[in-house]
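In: Show me how the following folds:
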Amino acid sequence: MNTEDSKRAVKVGLFVFIGLAILVTGIFVLGGQQKRFVRTIQVQAVFNDVGGLQTGNNVWFSGVKIGTVKRLRFRGTSQVEVTMNIEEKAQAYIRKDATAVISSDGFIGNKLVEIVGGNPRTAQVEDGDQLRSQEELSTDAIMETLQQNNRNLLKVTTDFKSIMDKISRGKGMAGAMLTDTVLGDNFKGMLANLQATSANASRVSNSLSAFANKMNDPSSLTTRLVTDTTIFHNLRQTSVQFRQAAAQANQITVQAAQATNDIKAATAKLNDRDNAVGLLLNDKSVNADIKSTLRNLNTSTQKLDENMEALQHNFLLRGFFRKREKERAKQAAQAKELEPQGDSTARK
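Out: Got it, this is the predicted structure:
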């Protein structure tokens, strides 16, 4: 083999080695991007519209790439099942109740799947689990919303222009207030009255505040009534005594009414002739008989005195009366003898 052939062989070998090196490097790079050389688990999510998502697109969690889209396949009539390869080291942070959302890398970048949410107290995701899905707001929907907002803004601007035109021509309350001087003066007067009312309300509020401060003064009667238990106890006792006095007064009133009824009943009986007192008070014939009886008794008494006088002068009974007079005189003398002794005993 000559020198030229040797050089050519070395060059070919070098190019082959460089190509193999580039191929191996590309394989490792692409494998690293596709997560081909790391341990992964597979999870699924079902979407109604994937919006251009392709196999190999990234899967993110909290802004970090944790896997790639492995497979897209139809499910049912119109849904799409997305199978994702997730790194095992990210498995501990993803929960079973997490949600898969189709998003994009920037405003017009490639589509990707973003895993969000999840309760920390829920178990971590496992191989073969299916996550909940949430539809992404598409660009068409965003543009439709913007167009609707533009139409609403145009309508609001048109209405505002119409209102300002009416106000400038003096129509409506606002236009009248701006163009009519009388109405403007009335409005100013109303504002002045409102200011005066506000000032009065402020003064009343200050008065109430001052009154409340006085009420909160520990030396005031109101505070003492509220806080001093002794005064409150005395007031309760006074109230009880008032109630007792009222009850006694009520009882006295009842007794007085009963006494009045008894007096009325007695008066009625006195006016009735069925009893002796009523008969004496109301029957004139009985009164006349009583008077006649009294006159007869007086007459009989006088005659009895005369008869007794006559009996004293009678010689048959004269000794009896003289004997009784002597006994009376003797008793009177004995009483006089006993009087000095009684006086001396009283002095001692």
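In: got any ranges where the stretch 151-300 of the chain has weak pLDDT?
Out: Low-confidence segments of the stretch 151-300 of the chain (pLDDT under 70): 167, 169-184, 215-228, 231-232, 269-284, 286-287.
In: Show me the strands in it, by range?
Out: With strands called from DSSP state E, counting those that start in this stretch, the stretch 151-300 of the chain shows none.
In: same deal with the stretch 1-150 of the chain?
Out: Under DSSP E, counting those that start in this stretch, the stretch 1-150 of the chain gives strands at 40-47, 58-61, 64-75, 79-87, 99-104, 111-116, 130-134.
In: Format those strands as CSV; extra columns: mean neighbour count and mean pLDDT.
Out: No exception for glycine: its C-beta is placed from N, CA and C like everyone else's. Shown next, in CSV, are the strands of the stretch 1-150 of the chain (neighbours: other CB atoms under 10 Å; pLDDT from 0 to 100):
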stretch, mean neighbour count, mean pLDDT
strand 40-47, 20, 92
strand 58-61, 20, 92
strand 64-75, 16, 91
strand 79-87, 19, 92
strand 99-104, 19, 90
strand 111-116, 20, 91
strand 130-134, 18, 90
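In: Format the ones you listed as JSON lines; extra columns: distance to Glu337.
Out: Converted to JSON lines, the strands of the stretch 1-150 of the chain look like this (distance: least, CB to CB, whole Å):
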{"stretch": "strand 40-47", "distance to Glu337": "150"}
{"stretch": "strand 58-61", "distance to Glu337": "147"}
{"stretch": "strand 64-75", "distance to Glu337": "149"}
{"stretch": "strand 79-87", "distance to Glu337": "151"}
{"stretch": "strand 99-104", "distance to Glu337": "142"}
{"stretch": "strand 111-116", "distance to Glu337": "142"}
{"stretch": "strand 130-134", "distance to Glu337": "142"}
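In: nearest to Ala21, of the ones you listed?
Out: Smallest distance to Ala21 across those (CB to CB): 25.2 Å, for strand 64-75.
In: Okay, and the beta partners of the nearest residue to Gln79 once chain neighbours are set aside?
Out: The shortest distance from Gln79 to any residue other than its chain neighbours is 5.2 Å, reached at Val46 (CB to CB, 6 or more residues apart in numbering). Here Val46 sits in beta bridges with Glu81, going by DSSP bridges.
In: Thanks again, I'm all set now.
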